[in-house]
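K.L.:
All I have is the shape, not the residue letters:
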C-alpha cells in the first residue's frame with residue numbers, strides 16, 4: 001500500500017514536469033488516453049447494450065473524470081502538489097461524514113475546516129483560484145463516489161468506469177488535436193505525461209488489488225490518508241516545493257480528521273437509511289471505488 005501511494009504521488013509530480021510544455025489540460029488528455037488504453041481492452045464494455053438508466057450516470061461519471069483531473073492538475077500547477085492533494089481529500093471526507101450526526105463526526109468536520117484554514121492561512125498573497133480548484137477537485141471526487149455507487153448497482157464489474165473513461169478521453173480529443181497541431185505533443189513532456197498515467201493509474205490499480213486480498217477495506221480506507229503526506233514529500237523531492245510549517249500542520253490536521261472519519265464510519269452500525277447510504281458510499285471509497293478511480297484520476 002505504501003508503494004502504491006508513493007507511485008501515485010510520484011506520478012503526479014512527473015505530470016507537473018510536463019505542465020510547462022503541455023499545460024495541465026494536455027497532461028490530463030494524455031492521462032485519459034493511457035487510462036482508456038488500459039481499461040477498454042481489459043473490460044470491453046458493450047456500449048450498445050447500455051440502457052438509458054445506465055447511460056446517463058455513466059456520461060456524468062465521464063464528465064466528472066474530465067473535470068476532476070483538470071481541476072486537480074491546474075491546482076497542482078498553481079498551489080503545489082501537497083496542498084492540492086490535501087484539498088482534494090476533503091471529497092472522501094465529506095462523503096464519510098454525510099448523513100451522520102454524531103459528536104465525533106462533527107468534531108471531524110470542524111477539524112477538517114481548521115486544518116484547511118491553517119493550511120491556506122488566507123491573506124492578500126493567497127492563490128484563491130488554486131485553492132478553489134483544489135476544492136472543485138474535492139467536490140468532483142465526492143460526486144465520483146456517489147455516481148460510482150449508482151452505476152455499480154446498474155452495471156457489472158468495471159464496465160461503467162471503463163465507459164466513463166472513454167467519454168472523458170473523447171472530451172479531451174480537441175485538446176490533443178490543438179497540441180499536435182502546435183507541435184507540442186512530443187519530446188520529453190509526452191514521456192512525463194505517459195509516465196504519470198502509468199505510475200498514478202496502472203501501478204496503483206494492480207498494487208491495490210493485491211493488497212485488498214489480505215487487508216481489510218476499513219484499514220485500506222484509513223491508510224489512504226497517507227496520500228497528502230506523500231504528495232508533500234514528492235513535491236519537495238521532485239519539484240522543489242518546500243512547505244511552510246503551518247502547511248505541514250494543516251496537512252496533519254486534515255489527514256487526522258480524514259482517518260478518524262473513515263475509521264468511525266466504517267465501524268459504526270447503520271441506524272437509519274441515511275447512515276446506510278453514507279456507509280455504502282464509503283465502502284466504495286475504501287475498497288473498489290478508490291482503486292477504480294485510480295485509472296481515471298491523478
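P.N.:
Cool, got the structure. It should be emphasised that the depicted structure is a prediction, and the values quoted were computed from it without experimental measurement. Numbers count the residues shown, from 1 in each chain.

K.L.:
Residue 127: what's it in contact with?
P.N.:
Applying CB atoms under 8 Å, 6 or more residues apart in numbering to residue 127 gives the contacts 78, 79. In this view, the C-beta of every residue, glycine as well, is placed from N, C-alpha and C.

K.L.:
roughly how far apart are it and residue 121?
P.N.:
Separation of residue 127 from residue 121 (CB to CB, to the nearest Å) stands at 12 Å.

K.L.:
With residue 210 instead?
P.N.:
40 Å.

K.L.:
Repeat that for residue 53.
P.N.:
Residue 53 is 46 Å from residue 121, by CB to CB.

K.L.:
residue ranges with poor pLDDT in the stretch 101-250 of the chain?
P.N.:
Applying pLDDT under 70 to the stretch 101-250 of the chain flags the ranges 101.

K.L.:
one more time with 50, if that's ok
P.N.:
Applying pLDDT under 50 to the stretch 101-250 of the chain flags no residue at all.

K.L.:
my guess is residue 154 contacts residue 52, does it?
P.N.:
No: applying CB atoms under 8 Å, one finds residue 154 not in contact with residue 52, separated by 10.8 Å.

K.L.:
out of the two, which sits in the more crowded spot?
P.N.:
Applying other CB atoms under 10 Å to residue 154 and residue 52 shows that residue 154 carries more neighbours, namely 15 against 6.

K.L.:
and the helix or strand harbouring residue 162, how far from the chain's centre?
P.N.:
Following DSSP states H and E, the helix or strand that holds residue 162 is helix 159-171. Its chain's C-alpha centre and that of helix 159-171 lie 16 Å apart, by CA atoms, centre = their mean, to the nearest Å.

K.L.:
Tell me how many other residues surround residue 21.
P.N.:
When neighbours are defined as other CB under 10 Å, residue 21 has 18 of them.

K.L.:
Kindly apply the preceding question to residue 224 instead.
P.N.:
Summarising burial for residue 224: neighbours were counted as other CB under 10 Å, giving 22.

K.L.:
Let me know the next secondary structure element after the helix holding residue 162.
P.N.:
Downstream of helix 159-171, the next assigned helix or strand under DSSP H and E is helix 173-181.

K.L.:
tilt between that next one and helix 159-171?
P.N.:
Counting by axes from the mean of the first three to the mean of the last three CA atoms, to 10 degrees, helix 173-181 points 40 degrees away from the direction of helix 159-171.

K.L.:
Point out the other elements, helices or strands, that helix 173-181 touches.
P.N.:
Here helix 173-181 touches helix 19-43, going by 3 or more CB pairs under 8 Å, 6 or more residues apart in numbering; DSSP states H and E.

K.L.:
Quick check: which helices or strands does the helix or strand just after the helix it packs on pack against?
P.N.:
Scanning forward in sequence from helix 19-43 by DSSP H and E, the next helix or strand is helix 52-79. Counting contacts by 3+ CB pairs under 8 Å, 6+ apart, helix 52-79 packs against helix 2-17, helix 19-43, helix 81-88, helix 128-154, helix 159-171.

K.L.:
Among the ones you listed, which comes closest to residue 65?
P.N.:
Proximity to residue 65 (CB to CB) singles out helix 159-171 among these, at 4.0 Å.

K.L.:
Can you give me the buried ones in the host helix or strand of residue 219?
P.N.:
In the assignment (DSSP H and E), residue 219 maps to helix 217-223. Residues of helix 217-223 classed as buried: 217, 218, 219, 220, 221, 222, 223 (neighbour count, 16 or more other CB atoms under 10 Å).

K.L.:
can you list those in a markdown table and add distance to residue 72?
P.N.:
Listed next are the buried residues of helix 217-223 as a markdown table, based on distance: CB to CB, whole Å:
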| residue | distance to residue 72 |
| --- | --- |
| 217 | 24 |
| 218 | 26 |
| 219 | 25 |
| 220 | 21 |
| 221 | 20 |
| 222 | 22 |
| 223 | 20 |
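
K.L.:
now, among those, which is nearest to residue 107?
P.N.:
residue 222 (16.7 Å).

K.L.:
Return the distance of that closest one relative to residue 96.
P.N.:
Residue 222 sits 11 Å away from residue 96 when distances are taken as CB to CB.

K.L.:
tell me, what's touching the two both at once?
P.N.:
Residues touching both residue 222 and residue 96 (CB under 8 Å, 6+ apart): residue 262.

K.L.:
Now do stretch 112-128: distance from first to last residue.
P.N.:
Distance across stretch 112-128, first residue to last, is 18 Å (CA to CA, to the nearest Å).
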